[in-house]
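Enquirer: okay, predicted coordinates and the sequence, questions at the end:
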Amino acid sequence: MFVHPGLTVDTAVRVEKLTKVYGSGRTPVTALDGVDAAFNRGTFTAVMGPSGSGKSTLLQTAAGLDRPSSGHVFLGDTDLSTMSETKLTELRRSRIGFVFQAFNLVGALTVEENIVLPLRLAGARPDRAWLAQVVQRVGLGERLHHRPAALSGGQQQRVAIARALATRPEVIFCDEPTGALDTQTAADVLTLLRAVVDEQHQTVVMVTHDPVAASYADRVMVLADGRIVADMPQPGAARIAEHLASLDRRVVR
Ligand code: ADP
Ligand code: MG
């Protein structure tokens, strides 16, 4: 197997000089300004930073949902930046999971149908044993034949996490997955993400505003103005909050 220089076999995703500029002409917006980062397999990273700092853009480009203006995204040893649109869609369906704040479930489908949808779209045969394990892990066994509208927000987000896990992706990106949930439900969802990393050796990269949510991660990366301004092994909720407050003061000045 060819391994790109600097890429260890333990790296699930790596971005290199990742830049994204929106618009052109007089008022282009640089959402990402040459970001270098690697996310190792079996780790849980929280991405934080002020609103507009580029967190969602980082996730979208790293997940192949959007194209960078320049730079590279490597999933394992696959360079996403040179892939055709068709190949990229295939790769997204089979090798990447994504969880959104707004759940994004298909209302007309049952819980079970939502969970296996990525597999069906990828034309892959469901691994029944794995799916049973996923359904049990997210605690949805009794709900498989319900429609999303019959579920609470926390349950819907657990369906979205099960859906993201269905293909055994190499990485799961979550953009403010607890942003629409109350504190207790958020804690359940975060405990689930933590378990997915610890028990199934999945790799999770999660954007959050909440220092308590970030305290479930192994590592906290902070963005400001499209750059990484801090990258720390789990600093604890108090230090995270302090750090964010200092960034806010900087922005206000
Ligand atoms: P965050 O998720 O940290 O709030 P985003 O990644 O959404 O930040 O946005 C980073 C910057 O890029 C912001 O200035 C935002 O207004 C801009 N931006 C994001 N998406 C678009 C878009 N589709 N078109 C134009 N500008 C965008
Ligand atoms: Mg965002």
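Expert: In hand now; what should we look at? Ligands and ions are numbered 1, 2, ... in the order given.

Enquirer: isn't I96 up against Q60?
Expert: No. I96 lies out of contact with Q60 (Cβ atoms under 8 Å); the separation is 11.2 Å. (Each C-beta comes from the backbone N, C-alpha and C, glycine too.)

Enquirer: compare those two (neighbour count), which wins?
Expert: I96 (24 against 19; other Cβ atoms under 10 Å).

Enquirer: so what's the more buried one bridging to?
Expert: V171 (DSSP bridges).

Enquirer: so what's it up against?
Expert: Taking Cβ atoms under 8 Å, 6 or more residues apart in numbering, we find I96 in contact with A63, G64, L75, P169, E170, V171, I172, F173.

Enquirer: who wins on neighbours among these?
Expert: Highest count within the contacts of I96 by other Cβ under 10 Å belongs to F173, 28 neighbours.

Enquirer: helix or strand: which one has that residue?
Expert: strand 171-175 (DSSP states H and E).

Enquirer: ok, L223 - contacts?
Expert: V35, V47, M48, G49, S53, G54, K55, L58, V229.

Enquirer: how does it look with 6 Å?
Expert: G49, S53, G54, K55 (Cβ atoms under 6 Å, 6 or more residues apart in numbering).

Enquirer: got phi/psi on it?
Expert: phi -110, psi 150 (degrees, to the nearest 10).

Enquirer: how near is it to ligand 1?
Expert: 6 Å (Cβ to the nearest ligand atom, to the nearest Å).

Enquirer: let me know the closest of the contacts of I96 to V220.
Expert: When the contacts of I96 are compared for distance to V220 (Cβ to Cβ), F173 wins out at 15.9 Å.

Enquirer: helices of the stretch 1-150 of the chain, residue ranges please.
Expert: 55-62, 85-95, 111-121, 128-138 (DSSP state H, counting those that start in this stretch).

Enquirer: now do the last one: which elements does it pack against?
Expert: For helix 128-138, the contact count by 3 or more Cβ pairs under 6 Å, 6 or more residues apart in numbering; DSSP states H and E identifies helix 153-165 as packing neighbours.

Enquirer: again, but for the second one
Expert: In terms of contact count using 3+ Cβ pairs under 6 Å, 6+ apart, helix 85-95 is assigned no packing partners among helices or strands.

Enquirer: apply 8 Å and report the result again.
Expert: helix 111-121 (3 or more Cβ pairs under 8 Å, 6 or more residues apart in numbering; DSSP states H and E).

Enquirer: max pairwise distance over the contacts of L223: which two?
Expert: Pairwise over the contacts of L223, using Cβ to Cβ, the maximum falls at G49 and G54, 7.3 Å.

Enquirer: scan this protein for its longest helix.
Expert: Secondary structure of the chain per DSSP state H: the longest helix is helix 183-200.

Enquirer: buried residues, that helix. List them.
Expert: Across helix 183-200, burial judged by 16 or more other Cβ atoms under 10 Å covers T185, A186, A187, D188, V189, L190, L192, L193, V196, V197.

Enquirer: how close does the residue lying closest to the fourth one once chain neighbours are set aside get to ligand 2?
Expert: Leaving aside its chain neighbours, D188 sits nearest to G154 (5.8 Å; criterion: Cβ to Cβ, 6 or more residues apart in numbering). Distance of G154 to ligand 2, given as Cβ to the ion, to the nearest Å: 21 Å.

Enquirer: how about G71?
Expert: 19 Å.

Enquirer: re the thing from before, who touches both of I96 and Q60?
Expert: Joint contacts of I96 and Q60 (Cβ under 8 Å, 6+ apart) do not exist.

Enquirer: just for the protein, where's the confidence low?
Expert: 1-9, 250-253 (pLDDT under 70).

Enquirer: the residue nearest the centre of it and V73, how far apart?
Expert: Nearest residue to the geometric centre of the chain (Cα atoms, centre = their mean): F173, 1.1 Å. Look at F173 and V73: by Cβ to Cβ, to the nearest Å, they are 12 Å apart.

Enquirer: I appreciate the help and will end here.
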